[in-house]
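From the sequence below, what's the structure:
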Amino acid sequence: MKLILLAVQLFCFCLMVQAQTKSYRAVYETGSTVTISPGKSAINYGFKKVDIISAESFYQYPLGFGVLDSNVFIYGEKIKQHSYYYFSQTNKAYYGKEKAIGNNQLIETTFKAPFSTGWIKDTSFHQKYLQYNCEKAYRIRHSGDTLFAIYSPDIKYPPGMFYLNELPGMLIYSFDAAYNFHSKIVSFEVGNFEIVLPKKKQT
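Numbers count the residues shown, from 1 in each chain. The predicted model follows:
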């Protein structure tokens, strides 16, 4: 009986650890609308970026045209240009700046949301990405331009995160009318990914 009880406790502990360490890796392809011929246009995708999302941290870095490092589980140790870190426990955000000459820099930073409205939800939208429910919403800038987003409320960003302007779920697709900028998810993975700050950094 004691052996059965111990096995049940161990199983519950393993489930608890898995729930605590579960995190996500999403790869996005970005691009802009280009004119092909009079009256015809297309989205010129090509550049890729990766989001690593956990319950307490977020890391984004440009993948460029390289091969996805699919076997990597620890992210952020090497500073990459235009990389971004956020840690909810300390409410600290860092921007990675790779200098052409000299050492890399990791700069503590804050972002100001350039929007005059919160997210306005489109209640008529119903869709799924894999097994995750999706919602659609938009925000309006002070200049009048609009940011559209499809997201999954089933996968939350770390609490307090302001990088995506308080989007209430993981981004699936977005269109930024101010910059003619599209972003769409191309792959998604659940795992035990870890986000760390580089040992050497400037703030």
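
Would you map the helices across the chain?
Using DSSP state H, the helices of the chain run over residues 2-21.

Need the residue closest to the centroid of it.
By CA atoms, centre = their mean, the chain has its centre lying nearest to D51, at 3.8 Å.

Please name the nearest non-neighbouring residue to that residue.
Of all residues not flanking D51 in the chain, A26 sits nearest, at 4.6 Å (CB to CB, 6 or more residues apart in numbering). Using the backbone N, CA and C atoms, a C-beta is placed for each residue, glycine as well.

pLDDT at the one you found, what is it?
At A26, the pLDDT value in this model is 95.

So it is in contact with I185, correct?
Yes: with contact defined as CB atoms under 8 Å, A26 reaches I185; the gap is 5.5 Å.

Between these two, which contacts overlap?
Residues touching both A26 and I185 by CB atoms under 8 Å, 6 or more residues apart in numbering: L171.

Check I120 and give its pLDDT.
I120 is assigned 91 on the pLDDT scale.

Beta-bridge partners for it, please?
Beta bridges link I120 to Y138, judged by DSSP bridges.

What is the burial count for N180?
Neighbour count for N180, taken as other CB atoms under 10 Å: 12.

actually A42, sorry about that
A42 has 10 neighbouring residues, counting by other CB under 10 Å.

do the same with M170
Residues near M170, counting by other CB under 10 Å, number 22.

do the same with the one 3 residues further on
In terms of burial, Y173 registers 17 neighbours under the definition other CB under 10 Å.

Start the count at 3 instead of 1 going forward.
Will do, 3 is the new start, and the previous item becomes Y175.

Please name the residues that touch it.
Y175 neighbours (CB under 8 Å, 6+ apart): A151, I152, H184, S185, K186, I187.

How about V52?
R27, A28, V29, Y30, Q62, Y63, P64, L65, L70.
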